[in-house]
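>>> just coords:
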């Protein structure tokens, strides 16, 4: 059957290799997903195939069953599974998915989805409902005529989006954090940790980008942030950052290249710039790259952190305030730097609010230490000096001096035989470790 906008068969017996863990999709909906799905006439637009495949369990057994094919019919997903019964006999199960607001008699509910199985297979039902509660949040809806044309996208286009690392974080990021990495991703994650400890951040880039294009796990994306800071801090960091920026500009469709280049040039401005003019140039470049992926990673706190601070350091207070509030909104409470950076945004305009955020930052860092994370004592001392300076200015009711507490000009570059980046990125690496420990404990508690 030839695919049409109303009837699109997209999953064959042998799914494309890129589809297994990819969460690539286009941000097509103009209204909130939940409300839009309940709107009469809302449909599942083209571009949702990869997200739907993840929800259905493409490429891996689900509840002892293997998905065989699937198709989208406007606001309904139909998929068939081949199951093995306890006696060894094969059983074909057909499933029908629709939004929970449109559930029919006999449907089971998982997250925002209603599921019907024919015949009933309890193990498959329970496994699919679990997936619907997590991965199902990634599937978007659209009103006909509200955005992109309602035409079929070729599979190659969706694969290209996955290869470009187009994954939306935030609500989906929190769910994805709880998803275990594949063995290959875990190996890369551990290997890059060892390289960072050995002062070889530059070697991590070639390891991270290929796996991120296949499996854009948020922990891997967080590791990329640590690596970007490390690259910028190397003795030859400025020239390396130039290459990353050039690669991003040469391939504007590559979301990971924009993110890596934007974060790296931001850190170069922060860590290595020898003048206010150099800082301004680097923060301007960071914004140019990061703004290209604002619609790809709209719920990522880190994207908005670097966007906010780059705006701030260019004197764009209103834009900085808007961006940092997006970072706070999408953080799950575990990233202390969200509050450290909001304190920076507000420290001149509202010192009292800045002090509250520094206190919250310090509280989260204490909690991270209790979970086993290593804290960078240099950064903690610097934050305490900032707190004291802001508190003194507030108590004496005078504005802060022209000295930039958060982004001083560091002066001459480091000596050739003494790279500076390991100490600077230790804190960031520690935060990632603390996040993983927290997730493991939360998952362990939830499973009891």
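Okay, I see it. No experiment lies behind these values; they were computed from the predicted model shown.

>>> and for residue 354, the neighbour number?
Residue 354 has 25 neighbours, counted by other CB atoms under 10 Å. Backbone N, C-alpha and C define where each C-beta goes, glycine included.

>>> kindly report the same for residue 208.
Should you count by other CB under 10 Å, residue 208 turns out to have 22 residues around it.

>>> please enumerate the helices of the stretch 301-448 of the chain.
301-313, 317-330, 337-346, 351-370, 377-395, 421-446 (DSSP state H, counting those that start in this stretch).

>>> what's the answer for the stretch 101-250 of the chain, then?
So, for the stretch 101-250 of the chain - with DSSP H, counting those that start in this stretch - the helices run 122-134, 155-163, 171-178, 183-197, 202-214, 218-233, 237-250.

>>> most tightly packed of the ones you listed?
Each of the helices of the stretch 101-250 of the chain was scored by mean neighbour count; the highest is helix 218-233, a mean of 24, by mean count of other CB atoms under 10 Å.

>>> and that one, what other elements does it pack with?
With contacts taken as 3 or more CB pairs under 8 Å, 6 or more residues apart in numbering; DSSP states H and E, helix 218-233 sits against helix 171-178, helix 183-197, helix 202-214, helix 237-250, helix 255-271, helix 301-313, helix 421-446.

>>> ok, 7 Å please
In terms of contacts (3 or more CB pairs under 7 Å, 6 or more residues apart in numbering; DSSP states H and E), helix 218-233 is packed against helix 171-178, helix 183-197, helix 202-214, helix 237-250, helix 255-271, helix 421-446.

>>> comparing those by mean pLDDT, which bottoms out?
Of all those, the minimum mean pLDDT falls on helix 171-178 (a mean of 40).

>>> quick one on the thing from earlier: could you provide the helices of the stretch 101-250 of the chain in CSV, with additional columns for distance to residue 333?
Formatted as CSV, these follow (distance: least, CB to CB, whole Å):
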stretch, distance to residue 333
helix 122-134, 19
helix 155-163, 29
helix 171-178, 10
helix 183-197, 22
helix 202-214, 25
helix 218-233, 15
helix 237-250, 31
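
>>> any idea which of those helices gets closest to residue 107?
Closest to residue 107 of the helices of the stretch 101-250 of the chain is helix 122-134 (CB to CB; 10.5 Å).

>>> and the contacts of that closest one?
Contact with helix 122-134 is made by 55, 57, 62-65, 81, 83, 93, 95, 108, 110-111, 113, 115, 117, 175, as judged by CB atoms under 7 Å, 6 or more residues apart in numbering.

>>> again, only this time at 6 Å
If you take CB atoms under 6 Å, 6 or more residues apart in numbering as the criterion, helix 122-134 is touched by 55, 62, 63, 64, 65, 108, 110, 111, 113, 115, 117, 175.

>>> that helix - what's its average pLDDT?
81.

>>> again, but for stretch 293-302
85.

>>> that older thread, top of the contacts of helix 122-134 by number of neighbours, please.
Going by other CB under 10 Å, residue 55 tops those with 27 neighbours.

>>> distance of it from residue 128?
Counting by CB to CB, to the nearest Å, the gap from residue 55 to residue 128 is 8 Å.

>>> which stretches of the stretch 51-200 of the chain have low pLDDT?
The stretch 51-200 of the chain contains residues with pLDDT under 70 at 58-60, 134-135, 137, 142-180.

>>> ugh, wrong one, the stretch 251-400 of the chain
Applying pLDDT under 70 to the stretch 251-400 of the chain picks out residues 371-375, 398-399.

>>> redo that, cut-off 80
Filtered on pLDDT under 80, the stretch 251-400 of the chain yields the residue ranges 299, 332-334, 367-378, 396-400.

>>> list of residues touching stretch 279-286?
245, 262, 265, 266, 268, 269, 273, 310, 313, 314.

>>> buried ones in that stretch?
279, 282, 283, 285, 286 (16 or more other CB atoms under 10 Å).

>>> mind checking which of the residues you listed are in helices?
279, 282, 283, 285, 286 (DSSP state H).

>>> ok, back up a step: out of the helices of the stretch 101-250 of the chain, nearest to residue 71?
Among those, helix 155-163 comes nearest to residue 71, with 13.4 Å by CB to CB.

>>> separation between the closest residue to residue 188 other than its chain neighbours and residue 298?
Distance criterion CB to CB, 6 or more residues apart in numbering; nearest residue to residue 188, sequence neighbours excluded, is residue 211 at 4.8 Å. With distances taken as CB to CB, residue 211 is found 23 Å from residue 298.

>>> same question, residue 216
Residue 216 is 14 Å from residue 298, by CB to CB.

>>> of those two, who's got more company?
residue 216 (26 against 15).

>>> give me the phi and psi angles of that one.
Residue 216 has phi and psi values of phi -80, psi 60 when expressed as degrees, to the nearest 10.

>>> and residue 297, by the same measure?
phi -120, psi 50.

>>> count of residues packed around it?
That count, for residue 297 with other CB under 10 Å as the rule, works out to 26.

>>> tell me how far it lies from residue 290.
9 Å.

>>> now do residue 55
29 Å.

>>> hmm, back to that, ok, so of the contacts of helix 122-134, who is nearest residue 306?
residue 175 (23.1 Å).

>>> any idea how the chain splits into domains?
8-163, 171-446 (automatic domain parsing).

>>> cool, thanks, talk later.
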